[in-house]
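[1] sequence and predicted structure, then a few things I'm wondering about:
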Amino acid sequence: MTDATANGTTPASPDEVSKRVHASLKRRYAAEKRFQLYGVVAIGLALTFLFILFYDIISKGYSAFWQSHVTIEVEIDPGEVDPQGDRSLDSLRDGSYRGITRDAFTALFPTVEGRSERRHLLELMSGSADGVVRQRVLEDPSLVGQTIPVEVKLNDDADIYVKDKTVEVETAARVNGIASPTGTSGEIQILSTANDFGAILTAVKEMLAERAEDLRDDIEGDRARIERFESQLQSVEDEEVRSDLESSIASYEYDIEEAQKQIEDLQRRIDQPDVAEALNEGMPSYLVRINGGVVKITSVDNSRATGEVYLPLESVNDAPADSWEILTLPVAESDRRLSDKQVMWLWDLENRGLISLPFNTTLFTAGDSREPEQAGIWGAVVGSFYVLVVTLLLSFPIGVMTAVYLEEFAPKNKWTDLIEVNINNLAAVPSIVFGLLGLAMFLNFFGFPRSAPLVGGMVLTLMTLPTIIIAGRAALKAVPPSIREAALGMGASRIQAMTHHVLPLAMPGMLTGTIIGMAQALGETAPLLMIGMVAFIVDIPGGFTDPATVLPVQIYIWADSPERAFVERTSAAIMVLLAFLITMNLTAVLLRKKFEKRW
Amino acid sequence: MTLAFAVALIVLIGFAYYLGQSRALKARDGRGARLHSLPSYYGMYAALWCAIPAAALLAVWSAFQGTIVEQMILADITEELSGLDQSRIGLVMNDIRNLATGGITSSDPSPAIQEAAARYSNLMVTAKAAMFVIALALGSGGLLLAFRRISPDLRARNRVERIIMTVLMLSSTIAILVTLGIVLSLVFEASRFFAQIPITEFLFGLQWSPQIAIRADQVGSSGAFGAIPVFAGTMLISFIAMCVAAPIGLFSAIYMAEYANRKVRGVLKPVLEILAGIPTVVYGFFAALTVAPTLRDLGDSIGLDVASESALAAGAVMGIMIIPFVSSLSDDVISAVPSAMREGSYGLGATKSETIRKVVLPAALPGIVGALLLAVSRAIGETMIVVMAAGLSANLTANPFEAVTTVTVQIVTLLTGDQEFDSPKTLAAFALGLLLFVVTLILNVIALRVVRKYREQYD
């Protein structure tokens, strides 16, 4: 608008100015819209992150609240479980339950033979199963000698399978022909009157082609490396380096040769599309369900499949097209924790209706364990409780007293200034520094026990104090001076005015601050790692000096564990922690709403 | 025993209260005199005289009991310990302690050690009992003293209030004590570290590999303690975090302060605050198990080599965590800009966004800078996200797709697990901690000063 005058040229006429302003309006309104949009996008992004975070954790963790069990028929053999033969609890407690439980589990698949196969099957059962049987017998000794159904846990990998997370058993293409197996167990062949296995054969050949392509890529890479080495060889004088380079060139040349041989072999197989091919572990698995049994295909051509029987067939009768099917496990056997056989056993158990999926009580009643299906958060919850009790008992009185002193009684001088600066700074000190303080002071100097909730609570007290003090001062500030003056006017001492009138009015605000501080303390991890609360502790802590861990640290420990099943349990523990935090914060909000007074 | 003692002490204190009060009342009735204070103050007076000596004794005694008993034990078995260095003696003491409490010992204990363990547990029990008895005796003594002093003329209220005031003042000095404790413990341990590793090497060295081999002739037997790569990693991750948090936080703050109406604001603000209330370990889990693999796959699909513990994943998630921190602080600052300034701008014909960009933001700039500095200090000190999602090896790189390590990660890895308190490896953690403390302190002080100074301008 002021351009014209600023340039020193003749002033524009009002008409011209108005025209120019109108011309720029569109641009300016667009900029306005854009600017507002940035704000909306920013908030949208933040909310999206929040949503993704919650969605991620809930979708990973909700399944941990269920645990798959299998029902087995256990024969309580008196000879095993009752070594003294008198049915006394002592004797039953000493009994061996492992054998009978394992026998009961293997009895689910009578055709399983041999030690290694038996062990393979038993991998599916949780190690806690015999404990369950023992518990049942100890509760009711009259069961000895009977055969009872017991629900025992599946192990973690099987559990994940049952909850449908890793391995999918899919029906492959439709079958058209009549299939006839050559046997009911062992190595058999299945012949189909149509080209039902052709699809598998094509898939296998495609995989061979892919493999050949990969090998060609490898050769390219190796050649490039050889070239590089050779050019280095030109310039290097040192004898040792030269021999190093030469030997690596030789080894790459050997690799290339090997790869070329493989490619030739693969190419030959690819070029003959109808010749039978063997399947290996790196490929998806194909199985044939026929006559009540399952056969794992090991080699296939268009109309005939050779395979190993996993679940025995009832007969060698011909099966018409609608009574048999080809199953496929798209994930290659080498890429998953369960073998084809184990998957088929579980699949069969599911079909027989022996697998149930009740609520996972262990998660809420047990301490930590190396076995995911036996691990629970109760130990950590109890530990968190003890830590919070210590924190509350220390930080609330100290925080309230400090707030009262600073707000009501402290003279304005250098000393109180120093205290205030200190409190503000402590609020922003990284939490791990408090852990270092705890380690150097409480553990090394005063000799308090490691891993104890007592020390954890003391460290967290130092962290939450600033929060409580700042909230407490705000609450005291909100009480109008007229209250104090009225009390003083009635002859109360300053302390009486404070304890009888001001403090009760400020209490809701202080409690709100305390709850928020406790919620912070409940979610804190780093300083507790420093004082050894990160140890693997199976027992439920029974006191303030017992070794313990807390919920966030438990989450940290589980997140670090390699077992897949711990991922869902970690997420479940996070959900529990968040539930506690949300409850605490909601209480704080409600408390504030209910007691907040506007003067 | 502890429970019985606690009950006994509480009963004693309650008894003191009752005794003090009833003596005051009796004195009044007997002589017909007027009491100086309310009767309850005499009770409190007696109770405090009973409780304070007992509590003081308990605090002092339990703080030093362990050390003194251990010194006594070690003095007993000097011939057993001759020729052992400090850490060995610590191990022996550990064995004795474990034997006494029925724990597991590191090696088969010799008879002398077993004897010492028996003596140790004996001494501990005796010491505890002695502590309880003396505490109760002191309490009773205090009670007796107070009881004899109580008369209608005693200014009980004033005395009680003076004690209360002292307690209030003492509790307010705890903040100073904590700061002092942090500084002292960090400086003390760090100075032991700098006695072994020169401070210049620590501050300017480019190599960080604190692993020290057990045998001197092993490969890499001397650890390298140059903190530059560790600090560079911290800076890289904090920078990435700020790249996420600063724009999103700022724009959210501007929108909420200037555009959103009360209702929307009332909903959005607490929802954003949820992000701040989520424990950091949850963010760490999210970063390590969801964000990092996703980024790696994304990188793979466009031909980028992203490490599975990339700085990007940890930094981005940390940025998400800091968003509400930036937004609520800047929101306060922006709202504090007086509306007269805005109205002046509107009066000149500026649109809302022009007003914000040309008037409000420049006016709020110091406060916003302060908020960002506080956020940076938060990012530098953040631990769990980086422990779970960042790497362990110190790379000196500015590539966000590579794995770097941070100060806090190193502190945690050096101090979890077994520790020996005389090896530079463990002490290095305290040196890093000192560095961290100093840097964040400087940032905080500057930020707080800037924010406060700015606020005063418009108040």
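    All right, it came through fine. Numbers count the residues shown, from 1 in each chain, chains lettered A, B, ... in the order given.

[2] any weak-confidence spans in chain A?
    A:1-10, A:164-167, A:172-173, A:599 (pLDDT under 70).

[3] from chain A, how far off is B:Glu343?
    17 Å (C-beta to the nearest C-beta, to the nearest Å). Heads up, the C-betas are built off the backbone N, CA and C, glycines and all.

[4] host element of that residue?
    Per DSSP states H and E: B:Glu343 is located in helix B:339-347.

[5] list the buried residues of that helix.
    Neighbour-count burial for helix B:339-347 flags B:Arg342, B:Ser345 (criterion: 16 or more other C-beta atoms under 10 Å in any protein chain shown).

[6] packing partners for it?
    When contacts are defined as 3 or more C-beta pairs under 8 Å, 6 or more residues apart in numbering or on different chains; DSSP states H and E, helix B:339-347 sits against helix B:352-355.

[7] quick check: angle from the next helix or strand after the helix it packs on to helix B:339-347?
    Where DSSP H and E defines the elements, the next helix or strand beyond helix B:352-355 is helix B:361-381. In terms of direction (axes from the mean of the first three to the mean of the last three C-alpha atoms, to 10 degrees), helix B:361-381 departs from helix B:339-347 by 130 degrees.

[8] which stretches in chain A count as strands?
    Listed in chain order, the strands of chain A (DSSP state E) span A:69-75, A:147-153, A:170-171, A:179-181, A:187-192, A:277-278, A:285-290, A:293-300, A:304-311, A:325-329, A:355-356.

[9] out of those strands, deepest packed?
    strand A:285-290 (a mean of 25; mean count of other C-beta atoms under 10 Å in any protein chain shown).

[10] how about residues contacting the helix holding B:Glu343?
    Contacts with helix B:339-347, where a contact means C-beta atoms under 8 Å, 6 or more residues apart in numbering or on different chains, come from B:Lys352, B:Glu354, B:Thr355, B:Lys358, B:Val359, B:Val360, B:Ala363.

[11] keep only those that also lie close to chain A.
    Applying C-beta under 8 Å from any C-beta of the partner chain to these, one finds that B:Lys352, B:Glu354 fall near chain A.

[12] pick the one among the contacts of helix B:339-347 closest to chain A.
    B:Lys352 (6.2 Å; C-beta to the nearest C-beta).

[13] which bits of the stretch 351-459 of chain B sit near chain A?
    Applying C-beta under 8 Å from any C-beta, we find that the stretch 351-459 of chain B lies next to chain A at B:351-354, B:356-357, B:374, B:377-378, B:380-384, B:387-388, B:408, B:411-412, B:415-416, B:421, B:429-430, B:433, B:436-437, B:440-441, B:444-445, B:448.

[14] among the residues you listed, name the buried ones.
    B:351-354, B:356, B:374, B:377-378, B:380-384, B:387-388, B:408, B:411-412, B:415, B:429-430, B:433, B:436-437, B:440-441, B:444-445, B:448.

[15] pull the contacting residues for the closest residue to A:Asp77 other than its chain neighbours.
    Closest residue in space to A:Asp77, ignoring its immediate chain neighbours: A:Ile100 at 5.5 Å, by C-beta to C-beta, 6 or more residues apart in numbering or on different chains. A:Ile100 makes contact with A:Val74, A:Glu75, A:Ile76, A:Asp77, A:Glu80, A:Val81, A:Val133, according to C-beta under 8 Å, 6+ apart.

[16] by neighbour count, which of the residues you listed wins?
    A:Val74 (28 neighbours; other C-beta atoms under 10 Å in any protein chain shown).

[17] for A:Leu138, see how far away it is.
    14 Å (C-beta to C-beta, to the nearest Å).

[18] got it, and A:Ile76?
    Noted for A:Ile76: a distance of 11 Å to A:Leu138, by C-beta to C-beta.

[19] ok, which stretches of the stretch 301-450 of chain B are helices?
    Along the stretch 301-450 of chain B, the segments classed as helices by DSSP state H, counting those that start in this stretch run B:311-335, B:339-347, B:352-355, B:361-381, B:384-389, B:407-415, B:424-458.
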